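Enquirer: Take this sequence and fold it.
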Amino acid sequence: MVTERGMIFAVDEVRQFAPFEEWRSRAHIKSLARYQEMYKRSIEDPEGFWGEYAKELHWFKKWDHVYEGEFAKARVKWFVGGKLNAAYNCLDRHVQSGQRDRVALLWIGESGENRTYTYGELHHEVCRFSNALKKLGIRKGDRVAIYLPMIPEFPIAMLACARIGAIHSVVFFGFSAESLRERINGCQASLVITSNYAASGGNVVQSKRNVDIALEEFPRIKRVVVRSLEKEVEMVDGRDCFWDELMNQEGLSSSCDPEEMDAEDPLFILYTSGSTGKPKGVLHTTAGYLLHVKKSFEWVFDYHPEDLYWCTEDFSWIIGHSYGLYGPLSAGATLLMMEGVPYYPKPDRLWEIIEKYRVNIFYTTPAVLRFCMRERVEWVQRHDLSSLRLLGSVSEPIGPKTWMWYFTHVGMERCPIVDTWWQTETGGILIAPLPGAVTLKPGSVGLPFFGVEPAILREDGTECEINEGGYLGVRKPWPGMMRTVFDAPERFRETYFVQFPGNYFTGDRASKDEDGHIWLLGRVDDVIHSSGYRLGTQEIENALVSHETVAEVAVVPFPHPVKGQGIYAFVTLRPGIDKSEELKKALVGHVLKKIGSIAVPDKIQFVDVLSKTLSGKIMRRILRKVATGDLQNLGDVSALANPAVVEELVKGRQ
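Expert: Have a look, this model is predicted:
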């Protein structure tokens, strides 16, 4: 246990893994010295560094200068004066360089069917739908809402919007009509692209009906409907049209000149599903974002042309935008796309797909891995995963226990794991270990990406010492960062640049070790002030989940008459483990041993399933309400993957 200036957190002894020798010979960045050389240049000469790599993109007009702006004014611009098009860089550039017949997208449906699109075929489909959008009156600067399951029409729609300069705003197809309405209204969309229905885990989602309910007050907004399932759906003449009929209309050209977009023109708006308050419309622009996700994809995942890459996240989230679509396609990669959920129809669906299609790079979330850990390891072991050469993690801290399971059972102790840290707001990866250069430390997210200068700060803005927990900020702009909150620029400034002037404030807590590796300690609002100490919930959760009986944990504060705030732990047990008071006592003793008496939970509630958003993140707002007894004001639960879980949480409240 380390104590620095009132901050308490646990530091476990963990194994470390130096870069594998077989990686050094073929990696893009082959040594720590090479990383340090490049990193130094990226910090000291960002214009020269990023200007050099920006030449890899296609530009209709080269930029006048690489960068301008400052955090103090919450204003940043990259590649000022340049003109380009994101869809052109993801498709045309490769088609024209002789890669027309190279597979761009391999799609796997929930029922097992598959479709393959070469770069030439994907270019053809995108151009046709671009022209279809134009016929519907969509022009540069218009906002288009996309509410689709993971079917091929999804990336085609995104790229078509980018091609004609329309700004897409994607909403996860599982969101309720109320949440959908808020996001459509927020971005002021003039068109919605949806499906008649959506298949998900054996269930059927009424996508089109949700759109119609969401837009009851806006009956004139047009809707394009993909026939995802062979089921009838209500359509309104003159307003609704089917995707296939649009694409097959007579005279629709398969050629569409790309719109020449300014480097700072918006590419997309993506609403955060924050635990409190109104969702923020995070706005990303074209050039800096595209360059950031391209180079981080190539370097962090050490992508090579022969690799088959798979990011399991839905394109509705920033992970899917950046490393499911724009990053891989701008790099000319072959990517896999899966409809449905990882555990349906069987718990080994992921491993079955990896074996069948010989996936080389696999990028997923700790939430998915924890589900797999709850099942018998035989589900993994029955499959040949020898094609894998690199594993990735994203969305939340993976924790040493999950990291080692992933490394041992999926990677067979031969695949590096790149644990990546970034946010919707950052656009792309900011911290991650480069697999050919950086020693891997389970539980750490590694070293900063190029051009990223992190700062661990105390409340007064001074720099923390080594292994001292503090607030994670970033000192300098990077190309992929968001430019503003759509229609709320002052909210952008107040949210990210006021707390620590001159820095971008991430909202996370972290520490830095002797080697410069960053360790995440949880969100700022995930701090418990108990008996005069500040306790990071992440540390307590890591201690509890390291117990052999525990599958998953969420820790939140609740009012305590003596301590100020008590510690309330929601605990999900591994299959076959009985809930008992004796086990609660054992878990208390485990935390006592791991951290100390100040971190022992005051209350432990066993739950079968934690409340999670559709992206897999734990919904701490709901858990806090339950822990504090504020049961009459639980708020909107439509973002939960299973809203019925809330009833179980309330009934079992301690």
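
Enquirer: any residues touching the helix or strand hosting residue 185, and which ones?
Expert: Element membership for residue 185, per DSSP states H and E: helix 177-187. Contacts of helix 177-187 with the rest of the structure, by C-beta atoms under 8 Å, 6 or more residues apart in numbering, involve 143, 145, 147, 167, 169, 171, 175, 192, 210-211, 213-215, 218, 221, 269, 271, 278-279, 281, 486-487, 636, 638-639. C-betas here are computed from N, CA, C, even on glycine.

Enquirer: Now a ChimeraX select for only the buried ones of those.
Expert: Buried subset of the contacts of helix 177-187, written as a ChimeraX selection, criterion 16 or more other C-beta atoms under 10 Å:
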select :143,145,147,167,169,171,175,192,210,211,214,215,221,269,271,279,281,486,638,639
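
Enquirer: can you tell me which of the contacts of helix 177-187 are in strands?
Expert: Among these, the members found in strands (DSSP state E) are 143, 145, 147, 167, 169, 192, 269, 271, 281.

Enquirer: As CSV, these with distance to residue 627 and pLDDT would be great.
Expert: Shown next, in CSV, are these (distance: C-beta to C-beta, whole Å; pLDDT from 0 to 100):
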residue, distance to residue 627, pLDDT
143, 39, 98
145, 35, 98
147, 33, 97
167, 40, 98
169, 34, 98
192, 38, 98
269, 34, 98
271, 27, 92
281, 30, 95
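
Enquirer: Please identify which of the residues you listed is nearest to residue 607.
Expert: residue 271 (28.2 Å; C-beta to C-beta).

Enquirer: Need the nearest residue in space to the closest one, chain neighbours excluded.
Expert: Sequence neighbours aside, residue 279 is the residue nearest to residue 271 in space, at 4.2 Å (criterion: C-beta to C-beta, 6 or more residues apart in numbering).

Enquirer: between the ones in strands among the contacts of helix 177-187, which is nearest residue 391?
Expert: Nearest to residue 391 among the ones in strands among the contacts of helix 177-187, with distances taken as C-beta to C-beta, is residue 271, at 29.4 Å.

Enquirer: Isn't the closest one up against residue 189?
Expert: No: taking C-beta atoms under 8 Å as the definition, residue 271 is not a contact partner of residue 189, at 11.6 Å.

Enquirer: Mutual contacts of those two, please.
Expert: With C-beta under 8 Å, 6+ apart as the test, residue 271 and residue 189 both reach residue 169.

Enquirer: one step back: buried residues, the helix holding residue 185. List them.
Expert: For helix 177-187, by 16+ other C-beta under 10 Å, it's 177, 179, 180, 181, 182, 183, 184, 186, 187.

Enquirer: how far away is the second one from residue 185?
Expert: Right, residue 179. 11 Å (C-beta to C-beta, to the nearest Å).

Enquirer: cool, and residue 259?
Expert: Distance, residue 259 to residue 185, using C-beta to C-beta: 26 Å.

Enquirer: One more: residue 465?
Expert: Taking C-beta to C-beta, one finds residue 465 at 47 Å from residue 185.

Enquirer: repeat for residue 79
Expert: Taken as C-beta to C-beta, the span from residue 79 to residue 185 is 32 Å.

Enquirer: Equivalent analysis for residue 77, please.
Expert: Remark: distance between residue 77 and residue 185 (C-beta to C-beta) = 28 Å.

Enquirer: With residue 133 instead?
Expert: Distance, residue 133 to residue 185, by C-beta to C-beta: 21 Å.

Enquirer: Could you check which helix or strand contains residue 356?
Expert: Going by DSSP H and E, residue 356 is in helix 349-357.

Enquirer: mean confidence for that helix?
Expert: Mean per-residue pLDDT for helix 349-357: 97.

Enquirer: and it, how far out from the chain's middle?
Expert: Centroid separation between helix 349-357 and its chain, computed with C-alpha atoms, centre = their mean, to the nearest Å, is 22 Å.

Enquirer: Can you point out the buried residues in it?
Expert: Across helix 349-357, burial judged by 16+ other C-beta under 10 Å covers 349, 350, 351, 353, 354, 355.

Enquirer: Would you mind confirming that residue 50 is in contact with residue 67?
Expert: Yes: counting by C-beta under 8 Å, residue 67 is a contact partner of residue 50 at 7.4 Å.

Enquirer: Of these two, which one has the most company?
Expert: Comparing residue 50 with residue 67 by other C-beta atoms under 10 Å, the one with more neighbours is residue 50, at 23 against 20.

Enquirer: Would you mind checking the average pLDDT for the helix or strand containing that one?
Expert: In this structure, residue 50 sits in helix 46-54 according to DSSP H and E. For helix 46-54, the mean pLDDT works out to 98.
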